[in-house]
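K.L.:
Sequence first, predicted model second:
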Amino acid sequence: MTRDPVLRFTDQGIYCPAGDFYIDPWRPVARAAITHGHSDHARAGHGSYLATHAALPVMRHRLGQINAHGLAYGEVQRIGGANLSFHPAGHVPGSAQIRIEVGGEVWVVSGDYKLEEDGLSEPFSPIPCHAFITECTFGLPVFRWPAQAKTAAEIATWWARNAAEGRVSLLGAYGLGKAQRIMSMLAAQGLPGPLFTHGAAEATTRILRDQGYPLPPTTLVSRAPPPPDALVIAPPSALGSAWAAKLGPRSEAFASGWMALRGIRRRRNLGTGFIISDHADWDGLNSAIRATGAEKIFANHGYTAPFQRWLASQGYDAGIVATEWQGETAEPDKEITPE
Amino acid sequence: MNRFAQLFNALDATTKTSAKTAALAAYFQTAPKSDRVWTIALLSGRRPKRAASSTQLRDWAAEAAGLPLWMVEESYPIVGDLAETIALLLPAPQSRSNQSLTGWIETLIALTDQPPEAKRAGVLAAWDSLETTERFLFNKLITGGFRMGVSRGLMTRALAQATGVDESLLAHRLMGNWNPATTDFDDLIAETDLQGSTKPYPFALASGLEDKPETLGPRAEWLAEWKWDGIRGQIINRPGAFALWSRGEELITDRFPEFAPLARALPQGTVLDGEVLVWSNDAPLPFALLQKRITRKTVPKKLLAEAPARFLAYDLLEWQGRDLRAAPLADRRAALMQMLAQLPPGLPLAASAAVTAPDWTTLTKARHTAREKSAEGLMLKRLASPYHAGRKRGDWWKWKLDPYTVDAVMLYAQSGHGRRANLFTDFTFAVRDGDALVPFTKAYSGLTDAEFRQITDWVKKHTIERFGPVRRVPPELVFEIAFEGIAESPRHKSGIALRFPRMLRWRHDKPVEEIDTLDSLRALLP
């Protein structure tokens, strides 16, 4: 006797037949469960949205009037023949893995995730399952992240040096998640100067601060010109732009996992890059997969082909899922920033 | 290695020339002297003899990282640099060595003649005692291609700042075949005695002429010469020292035995700047023949007869042991002609003839006949100018012909290296031959980063087949390919080989049906 798998991979997105809903679909559908608010995962046009309580405010801000329902982490919702629950993914504040259980069989969709505790996002927790659908944005062994505190110290040193030389520090970072993580990790070490934001980063910062996430005070650049000892956090696309030129004498840097590769940093003509990613590195991916106990692994967005081959060589039943999720991209014109 | 890694990080952390110069100058004042000598050597394209092959490095890295070899191979095109890939893959070191740059280079030199097992042990031990940047630099010492974002000119400027020695004097002192393992820093930058030395002068270089030649002033103030497509070189003839240097500072004396008689024929204390060409019946032969000559360290008789070389002299840099470079070109040229007139006949040496058109209009017409002369265009040199060290804009111009162009379709794409890692930038192009598409050239340059990103997206979505780092794509994207020359080549499937092919532009407007044919390409053959 055969029955439907717990999840099916369709052109609209990942589909659960037992509950008749999709996970992070990229085409408009009637019912969508959303892992987190980044625009490649939470798209407009669905009939209804289900997400964590913590993810909803940013989604509402970005998507406008949506028919949305929130769940607490770990709270189980029965949908048709499926039990659905959200579990922390550690990617950005409010982000979740989605666990689906149908007739005793458990599948988990990772969404985007990282293992290192960043002091802001709800820390990643491994969920035992039979099948694990994992991202692998950085699924090659050349990607190994330094500890967050080390990168924070490097950023602080760079910032202090710029301040001493009378130059504003402009740091490119995604507006949702990365920007706030940087504020929070710098504040943990003591801020050497005031924090300023580009509008795209300020809107999400304000929403998260209002939700109760501990974030230091920030000033919108358009409100007051940043003094030379300021750190300005802006979307990566602002680096080298006319907007950036208005800041006057400044030093620019980009905060991204891609900065681990010298070639990519040089292509963006950046002297300074800080290695900091909200995605799991090579060791993180491998230990997360091991911790689920799953035998069946599906790799999506990232270096899927070599990663699948690697998993197969480690004895997993490994497949590839084609999705339209992007993860963290190296190119400025493709990045995911809230409008 | 730590001090050298600090220098590297300082250079790498900025895109500003002034900051790079300052970092290097500080290093040249404070680093151990032997490290300074090696740094100068590395930044002027010298490196220790290769201690291990890329294949060995990949194998050992896979072993040390506990990864299958294919995973190293998959990672390499993403990173775009083998030395960096390995540095990133390896597990954290068990210890930290404080051996200097020179110490590590000596280690590598000592490994060169060891059996593979000893090399492996030596390299693995090095990796296990260096942190990531140091490892990357150590690997670069083996794989070569050391640029560190520093040009030779910038390095020379920093050295001038650090030592107070004039920049152009230093440029000269750093030329030639000094051995960094045995050279003392103070000797290297000190005044050199050219007696018995084969040391060449820094080559004067030209800039491309973009404006009309009329903007250069009166025609009479300029020397016009054909711009030959050969190997720019210097012939040095000093007491006990005869040498032919290429512009890339390679000593190529032995590859051109036909010039050996010049050692006796030329007066002692003579240095000529000129072009090595393969020459027959008063005209140069295609560059492909010269290419054959360069690749052979010893030249078989047959090739010597089939591709005889000739040196066309442009300039006289040293005469009777005296450095003439500060004298005006007109005087140097007169001295050159006088010297050549006194040589016995039958030598493979002549002056590169001046193009004698009396005004710019006639000269412009003469330029259009360059291809018939097997030249690439014209060189314009100000008669009153000294012989500059390097490229100084204003006195020397190259005035090249417009390139040939052909419309072709992309068949294969491969990702680039260095700053183009992770981006598809190396393409193979085809023209039509009846119903078939025949690949005829590769090209890597000419598009903007934005265009390469756009094409990269397209390639990822349209890959038909993967062969390692190479993707086959449907023949849909059409490009205008420019090139400087074309020759028959039995080694290529298409039967032709291009000189300096590059992409002129992406022809969004052109359908594949309208690309050029192999016949239209062959019609351009000389």
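P.N.:
In hand now; what should we look at? Residues are numbered from 1 along each chain as shown, chains lettered A, B, ... in the order given.
K.L.:
show me the contacts for residue 297.
P.N.:
Because you didn't say which chain, this covers chain A. A:I297 makes contacts with A:131-134, A:289, A:311, A:316-319, as judged by Cβ atoms under 8 Å, 6 or more residues apart in numbering or on different chains. For glycine as for every other residue, the C-beta is placed from the backbone atoms N, C-alpha and C.
K.L.:
The chain in question should be chain B.
P.N.:
When contacts are counted by Cβ under 8 Å, 6+ apart, B:K297 touches B:254-255.
K.L.:
Return the residues of chain B in contact with chain A.
P.N.:
Within chain B, the positions adjacent to chain A are B:12-16, B:65, B:67-68, B:70-71, B:74-75, B:78-81, B:84-85, B:88-89, B:149, B:417-423, B:449-450, B:453 by Cβ under 8 Å from any Cβ of the partner chain.
K.L.:
among the residues you listed, which are in helices?
P.N.:
With DSSP state H as the criterion, helices contain B:12, B:65, B:70-71, B:74-75, B:78-79, B:84-85, B:88-89, B:449-450, B:453 from among those.
K.L.:
With secondary structure and pLDDT as new columns, can the contacts of A:I297 be given to me in JSON lines?
P.N.:
Formatted as JSON lines, the contacts of A:I297 follow (DSSP: H, G, I helix; E, B strand; the rest coil; pLDDT from 0 to 100):
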{"residue": "A:A131", "secondary structure": "strand", "pLDDT": "97"}
{"residue": "A:F132", "secondary structure": "strand", "pLDDT": "98"}
{"residue": "A:I133", "secondary structure": "strand", "pLDDT": "97"}
{"residue": "A:T134", "secondary structure": "strand", "pLDDT": "97"}
{"residue": "A:I289", "secondary structure": "helix", "pLDDT": "98"}
{"residue": "A:L311", "secondary structure": "helix", "pLDDT": "97"}
{"residue": "A:Y316", "secondary structure": "coil", "pLDDT": "96"}
{"residue": "A:D317", "secondary structure": "strand", "pLDDT": "96"}
{"residue": "A:A318", "secondary structure": "strand", "pLDDT": "95"}
{"residue": "A:G319", "secondary structure": "strand", "pLDDT": "93"}
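K.L.:
Which of these sits closest to chain B?
P.N.:
The nearest member of these to chain B, counting by Cβ to the nearest Cβ, is A:L311 at 11.7 Å.
K.L.:
Name the nearest residue to that closest one, ignoring sequence neighbours.
P.N.:
In space, and not counting its chain neighbours, A:L311 is closest to A:A318: 3.7 Å by Cβ to Cβ, 6 or more residues apart in numbering or on different chains.
K.L.:
Who does that neighbour form a beta bridge with?
P.N.:
Beta-bridge pairing of A:A318 under DSSP bridges involves A:I297.
K.L.:
Pull the contacting residues for residue 262.
P.N.:
Going with chain A. Taking Cβ under 8 Å, 6+ apart, we find A:R262 in contact with B:12, B:81, B:84.
K.L.:
switch to chain B, that's the one I care about
P.N.:
Counting by Cβ under 8 Å, 6+ apart, B:L262 touches B:235, B:237, B:242, B:311, B:347-349.
K.L.:
export those residues to CSV and tack on secondary structure, distance to B:L329 and neighbour count?
P.N.:
Converted to CSV, the contacts of B:L262 look like this (DSSP: H, G, I helix; E, B strand; the rest coil; distance: Cβ to Cβ, whole Å; neighbours: other Cβ atoms under 10 Å in any protein chain shown):
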residue, secondary structure, distance to B:L329, neighbour count
B:I235, strand, 18, 25
B:N237, strand, 21, 20
B:F242, strand, 25, 19
B:F311, strand, 19, 25
B:L347, coil, 24, 16
B:P348, coil, 24, 17
B:L349, strand, 19, 20
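K.L.:
distance of whichever residue of the stretch 151-300 of chain A sits closest to chain B from B:Q414?
P.N.:
Nearest residue of the stretch 151-300 of chain A to chain B, counting by Cβ to the nearest Cβ: A:G263, 3.5 Å away. Using Cβ to Cβ, to the nearest Å, A:G263 is found at 15 Å from B:Q414.
K.L.:
So between those two, which is more surrounded?
P.N.:
Taking neighbours as other Cβ atoms under 10 Å in any protein chain shown, A:G263 and B:Q414 compare with A:G263 leading, 22 against 19.
K.L.:
what's the closest non-adjacent residue to that one?
P.N.:
If the residues on either side of it in the chain are set aside, A:G263 comes closest to B:A421, at 3.5 Å by Cβ to Cβ, 6+ apart.
K.L.:
between the contacts of B:L262, which is nearest chain A?
P.N.:
Nearest member of the contacts of B:L262 to chain A, counting by Cβ to the nearest Cβ, is B:I235, at 39.1 Å.
K.L.:
Note down every partner strand of the helix or strand of chain B with the lowest mean pLDDT and its orientation.
P.N.:
One helix or strand of chain B scores below all others by mean pLDDT, DSSP states H and E: strand B:465-467, with a mean of 83. Strands that pair with strand B:465-467, judged by DSSP bridges, come out as strand B:470-472 (antiparallel).
K.L.:
Off-centre distance for the partner strand?
P.N.:
How far strand B:470-472 lies from its chain's middle: 28 Å, per Cα atoms, centre = their mean, to the nearest Å.
K.L.:
Assign a three-state SS to A:L50, would you?
P.N.:
Secondary structure assignment for A:L50 (DSSP: H, G, I helix; E, B strand; the rest coil): strand.
K.L.:
show me where pLDDT drops low in the stretch 301-450 of chain B?
P.N.:
Scanning the stretch 301-450 of chain B for pLDDT under 70 picks out nothing.
K.L.:
In it, which residue sits closest to chain A?
P.N.:
Closest residue of the stretch 301-450 of chain B to chain A, Cβ to the nearest Cβ: B:A421 (3.5 Å).
K.L.:
Hmm, A:L261 and that residue touching each other?
P.N.:
Yes. Judged on Cβ atoms under 8 Å, B:A421 makes contact with A:L261 at a distance of 6.4 Å.
K.L.:
Could you grab the helix/strand/coil label for B:T369?
P.N.:
coil.
K.L.:
And it, how far from B:L378?
P.N.:
To B:L378, B:T369 is 10 Å away according to Cβ to Cβ.
K.L.:
Those two: which is more packed in?
P.N.:
Counting neighbours by other Cβ under 10 Å for B:T369 and for B:L378 shows that B:L378 has the greater number, 24 against 12.
K.L.:
ok, the nearest residue to the more buried one once chain neighbours are set aside - contacts?
P.N.:
In space, and not counting its chain neighbours, B:L378 is closest to B:W399: 4.5 Å by Cβ to Cβ, 6+ apart. Each residue near B:W399 by Cβ under 8 Å, 6+ apart is listed here: B:208-209, B:213, B:227, B:367, B:377-380.
K.L.:
And what about A:T157, helix, strand or coil?
P.N.:
Here A:T157 is recorded as helix under three-state DSSP.
K.L.:
measure the closest residue to B:L312 other than its chain neighbours to B:M379 for me?
P.N.:
Setting aside the residues directly before and after it, B:L312 is nearest to B:S352 in space (Cβ to Cβ, 6+ apart), at 4.0 Å. Separation of B:S352 from B:M379 (Cβ to Cβ) stands at 9 Å.
K.L.:
for A:Y174, same thing?
P.N.:
Applying Cβ to Cβ to A:Y174 and B:M379 gives a distance of 52 Å.
K.L.:
With A:G64 instead?
P.N.:
Taking Cβ to Cβ, one finds A:G64 at 66 Å from B:M379.
K.L.:
Please identify which residue in the stretch 51-200 of chain A comes closest to chain B.
P.N.:
Closest point on the stretch 51-200 of chain A to chain B, by Cβ to the nearest Cβ, is A:V142, at 4.0 Å.
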